[in-house]
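1. Quick check, what structure comes out for this input:
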Amino acid sequence: MSNPSPPVSAILSADCVHLCVDMQRMFAEETDWRTPWMPRVLPRVRRLAAAHPDRTIFTRFVPAAHPGEGRGTWASYSAHWASMTGERLDPGLIDLVPDLAAFVPPAAVVDKTVYSPWLGTDLDARLQARGVDTLVVTGAETDVCVLAAVLGGVDRGYRIVLVTDALCSSCDEAHDALMVMYRMRYSHQVETLTTAEVLARW
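-> All right, here's what the predicted structure looks like:
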(Lines give C-alpha, C1' and ligand atoms only; values in the text may rest on other atoms or scores of the structure.)
Protein backbone atom coordinates (compact mmCIF):
# COMPACT_ATOMS: atom_id res chain seq x y z
CA MET A 1 0.00 0.00 0.00
CA SER A 2 1.36 3.43 -0.89
CA ASN A 3 1.39 6.22 1.64
CA PRO A 4 -0.70 9.34 1.01
CA SER A 5 1.50 12.34 0.33
CA PRO A 6 1.41 15.03 3.02
CA PRO A 7 1.31 18.65 1.90
CA VAL A 8 4.74 20.06 1.16
CA SER A 9 5.76 22.59 3.79
CA ALA A 10 5.76 26.17 2.59
CA ILE A 11 9.17 26.89 4.13
CA LEU A 12 12.24 25.12 5.41
CA SER A 13 13.12 26.11 8.94
CA ALA A 14 16.35 27.67 10.11
CA ASP A 15 17.19 24.28 11.63
CA CYS A 16 18.09 22.73 8.26
CA VAL A 17 21.40 21.30 7.15
CA HIS A 18 22.35 20.52 3.58
CA LEU A 19 23.79 16.98 3.63
CA CYS A 20 25.71 16.43 0.41
CA VAL A 21 26.65 12.80 -0.14
CA ASP A 22 29.94 11.72 -1.75
CA MET A 23 30.44 14.33 -4.45
CA GLN A 24 34.07 13.26 -4.81
CA ARG A 25 36.64 13.30 -7.57
CA MET A 26 36.75 9.49 -7.73
CA PHE A 27 33.11 9.48 -8.84
CA ALA A 28 33.45 12.46 -11.18
CA GLU A 29 36.66 11.48 -12.98
CA GLU A 30 37.75 8.49 -15.09
CA THR A 31 37.82 5.69 -12.52
CA ASP A 32 36.04 2.37 -12.18
CA TRP A 33 33.46 4.17 -10.03
CA ARG A 34 32.76 7.06 -12.36
CA THR A 35 29.19 8.37 -12.17
CA PRO A 36 28.66 9.72 -15.69
CA TRP A 37 26.04 12.37 -15.00
CA MET A 38 27.56 13.82 -11.83
CA PRO A 39 28.77 16.88 -13.83
CA ARG A 40 25.15 17.53 -14.83
CA VAL A 41 23.92 17.85 -11.25
CA LEU A 42 27.04 19.53 -9.85
CA PRO A 43 25.93 23.13 -10.66
CA ARG A 44 22.71 22.60 -8.66
CA VAL A 45 24.55 21.08 -5.71
CA ARG A 46 26.94 24.00 -5.83
CA ARG A 47 24.06 26.49 -5.75
CA LEU A 48 22.68 24.88 -2.61
CA ALA A 49 26.08 24.81 -0.93
CA ALA A 50 26.72 28.43 -1.89
CA ALA A 51 23.39 29.50 -0.40
CA HIS A 52 24.22 28.05 3.04
CA PRO A 53 27.90 27.05 3.24
CA ASP A 54 27.93 27.21 7.02
CA ARG A 55 24.99 24.78 7.11
CA THR A 56 26.42 22.29 4.63
CA ILE A 57 28.01 18.96 5.52
CA PHE A 58 29.78 16.96 2.84
CA THR A 59 30.31 13.22 3.27
CA ARG A 60 33.23 11.39 1.70
CA PHE A 61 33.43 7.65 1.12
CA VAL A 62 36.93 6.45 2.04
CA PRO A 63 37.71 3.10 0.40
CA ALA A 64 39.55 0.24 2.09
CA ALA A 65 43.32 0.63 2.23
CA HIS A 66 44.00 -2.78 0.68
CA PRO A 67 42.10 -5.36 -1.41
CA GLY A 68 40.45 -7.87 0.90
CA GLU A 69 40.22 -5.43 3.80
CA GLY A 70 36.92 -5.04 5.63
CA ARG A 71 34.40 -6.91 7.71
CA GLY A 72 32.41 -9.72 6.10
CA THR A 73 31.27 -8.91 2.58
CA TRP A 74 33.22 -5.66 2.65
CA ALA A 75 36.37 -7.80 2.31
CA SER A 76 35.15 -9.35 -0.95
CA TYR A 77 33.88 -5.92 -2.04
CA SER A 78 37.32 -4.35 -1.63
CA ALA A 79 38.93 -7.34 -3.35
CA HIS A 80 36.55 -6.99 -6.30
CA TRP A 81 37.22 -3.24 -6.54
CA ALA A 82 40.96 -3.56 -5.94
CA SER A 83 41.65 -0.64 -8.29
CA MET A 84 39.71 1.64 -5.95
CA THR A 85 41.57 0.75 -2.74
CA GLY A 86 43.94 3.13 -1.04
CA GLU A 87 47.11 1.34 -2.14
CA ARG A 88 46.22 1.79 -5.83
CA LEU A 89 44.08 4.94 -5.90
CA ASP A 90 45.52 8.44 -6.16
CA PRO A 91 44.67 9.79 -2.68
CA GLY A 92 43.60 13.09 -4.19
CA LEU A 93 40.66 11.34 -5.84
CA ILE A 94 39.04 10.88 -2.42
CA ASP A 95 38.72 14.66 -2.17
CA LEU A 96 35.54 16.54 -2.92
CA VAL A 97 35.25 17.89 -6.44
CA PRO A 98 36.97 21.30 -6.52
CA ASP A 99 33.75 23.28 -7.00
CA LEU A 100 32.52 21.99 -3.63
CA ALA A 101 35.83 21.72 -1.77
CA ALA A 102 36.02 25.51 -2.05
CA PHE A 103 33.20 25.78 0.52
CA VAL A 104 35.22 23.98 3.25
CA PRO A 105 35.36 25.76 5.66
CA PRO A 106 32.78 26.92 6.73
CA ALA A 107 31.17 23.75 5.33
CA ALA A 108 32.16 20.58 7.20
CA VAL A 109 33.27 17.14 6.05
CA VAL A 110 32.36 13.72 7.49
CA ASP A 111 34.38 10.72 6.34
CA LYS A 112 32.86 7.24 6.29
CA THR A 113 34.02 3.76 5.32
CA VAL A 114 30.61 2.26 4.50
CA TYR A 115 27.60 3.50 2.56
CA SER A 116 25.90 5.01 5.59
CA PRO A 117 27.17 8.30 7.05
CA TRP A 118 25.53 7.36 10.37
CA LEU A 119 27.76 4.38 11.21
CA GLY A 120 31.14 4.96 12.79
CA THR A 121 30.88 8.75 12.57
CA ASP A 122 29.78 11.63 14.79
CA LEU A 123 27.28 12.96 12.23
CA ASP A 124 24.20 12.52 14.41
CA ALA A 125 25.94 14.10 17.42
CA ARG A 126 26.98 17.09 15.32
CA LEU A 127 23.45 17.59 14.06
CA GLN A 128 21.89 17.20 17.50
CA ALA A 129 24.35 19.72 18.97
CA ARG A 130 23.17 22.24 16.38
CA GLY A 131 19.47 21.55 16.94
CA VAL A 132 19.01 20.30 13.36
CA ASP A 133 15.64 18.74 12.53
CA THR A 134 15.72 18.74 8.72
CA LEU A 135 18.21 17.41 6.18
CA VAL A 136 18.28 18.69 2.61
CA VAL A 137 19.93 15.79 0.79
CA THR A 138 21.89 15.89 -2.46
CA GLY A 139 24.67 13.84 -4.02
CA ALA A 140 25.68 10.42 -5.25
CA GLU A 141 24.52 7.77 -5.73
CA THR A 142 20.73 7.89 -5.44
CA ASP A 143 20.45 4.13 -5.03
CA VAL A 144 23.50 3.46 -2.81
CA CYS A 145 25.02 6.01 -0.43
CA VAL A 146 22.16 8.51 -0.75
CA LEU A 147 19.73 5.70 0.05
CA ALA A 148 21.74 4.79 3.17
CA ALA A 149 21.85 8.44 4.24
CA VAL A 150 18.13 8.92 3.73
CA LEU A 151 17.00 5.77 5.55
CA GLY A 152 19.41 6.40 8.42
CA GLY A 153 18.07 9.92 8.72
CA VAL A 154 14.49 8.64 8.70
CA ASP A 155 15.31 6.16 11.46
CA ARG A 156 16.71 8.99 13.56
CA GLY A 157 13.60 11.11 13.09
CA TYR A 158 14.91 13.77 10.75
CA ARG A 159 12.67 15.39 8.20
CA ILE A 160 14.26 14.57 4.85
CA VAL A 161 14.03 16.85 1.84
CA LEU A 162 15.41 15.06 -1.19
CA VAL A 163 16.52 17.40 -3.95
CA THR A 164 15.41 15.54 -7.05
CA ASP A 165 17.53 17.37 -9.63
CA ALA A 166 20.67 17.35 -7.46
CA LEU A 167 21.06 13.57 -7.24
CA CYS A 168 22.91 11.23 -9.57
CA SER A 169 23.60 7.55 -10.13
CA SER A 170 25.55 5.37 -12.53
CA CYS A 171 22.38 3.34 -13.13
CA ASP A 172 19.42 5.21 -14.59
CA GLU A 173 16.94 2.41 -13.92
CA ALA A 174 17.89 2.16 -10.24
CA HIS A 175 17.76 5.96 -9.86
CA ASP A 176 14.26 6.06 -11.33
CA ALA A 177 13.09 3.15 -9.18
CA LEU A 178 14.40 4.80 -6.03
CA MET A 179 12.65 8.08 -6.83
CA VAL A 180 9.36 6.14 -7.12
CA MET A 181 10.08 4.37 -3.84
CA TYR A 182 10.91 7.57 -1.97
CA ARG A 183 7.66 9.18 -3.12
CA MET A 184 5.35 6.19 -2.68
CA ARG A 185 6.73 4.45 0.40
CA TYR A 186 8.33 7.19 2.52
CA SER A 187 6.20 10.21 1.75
CA HIS A 188 5.44 10.90 5.43
CA GLN A 189 9.14 11.35 6.19
CA VAL A 190 10.69 12.18 2.81
CA GLU A 191 9.71 15.17 0.70
CA THR A 192 10.92 15.66 -2.87
CA LEU A 193 11.68 19.15 -4.14
CA THR A 194 13.76 20.65 -6.93
CA THR A 195 16.76 22.88 -6.32
CA ALA A 196 14.73 25.97 -7.21
CA GLU A 197 11.96 24.97 -4.80
CA VAL A 198 14.44 24.40 -1.96
CA LEU A 199 16.13 27.74 -2.53
CA ALA A 200 12.76 29.52 -2.58
CA ARG A 201 11.77 27.94 0.75
CA TRP A 202 15.09 28.16 2.64
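2. neighbours around R130, how many?
-> Burial of R130, expressed as a neighbour count using other CB atoms under 10 Å, amounts to 12. (Glycine included, C-beta is placed from N, CA and C.)
3. That one: what's it in contact with?
-> With contact set as CB atoms under 8 Å, 6 or more residues apart in numbering, R130 has these partners: D15, V17.
4. and what of Y158?
-> Contacts of Y158 (CB under 8 Å, 6+ apart): L127, V132, D133, T134, L135.
5. Now, these that are in strands?
-> T134, L135 (DSSP state E).
6. who wins for most neighbours among the contacts of Y158?
-> Going by other CB under 10 Å, L135 tops the contacts of Y158 with 24 neighbours.
7. Mind listing residues that contact the worst-scoring helix or strand of the chain on mean pLDDT?
-> Within the chain, no helix or strand scores below helix 172-185, which has a mean of 90 by mean pLDDT, DSSP states H and E. Contact partners of helix 172-185, identified using CB under 8 Å, 6+ apart, comprise 2-3, 5, 141-143, 146-147, 150, 162, 164, 167-169, 190, 192.
8. Can you list the strands that the helix or strand following it pairs with?
-> For helix 172-185, the following helix or strand on the C-terminal side (DSSP states H and E) is strand 190-193. Its sheet considered, strand 190-193 pairs with strand 159-168 (parallel) by DSSP bridges.
9. now the angle between helix 172-185 and the strand it pairs with, please.
-> Strand 159-168 and helix 172-185 are oriented at 160 degrees to each other (axes from the mean of the first three to the mean of the last three CA atoms, to 10 degrees).
10. quick check, distance from strand 159-168 to the centre of its chain.
-> 9 Å (CA atoms, centre = their mean, to the nearest Å).
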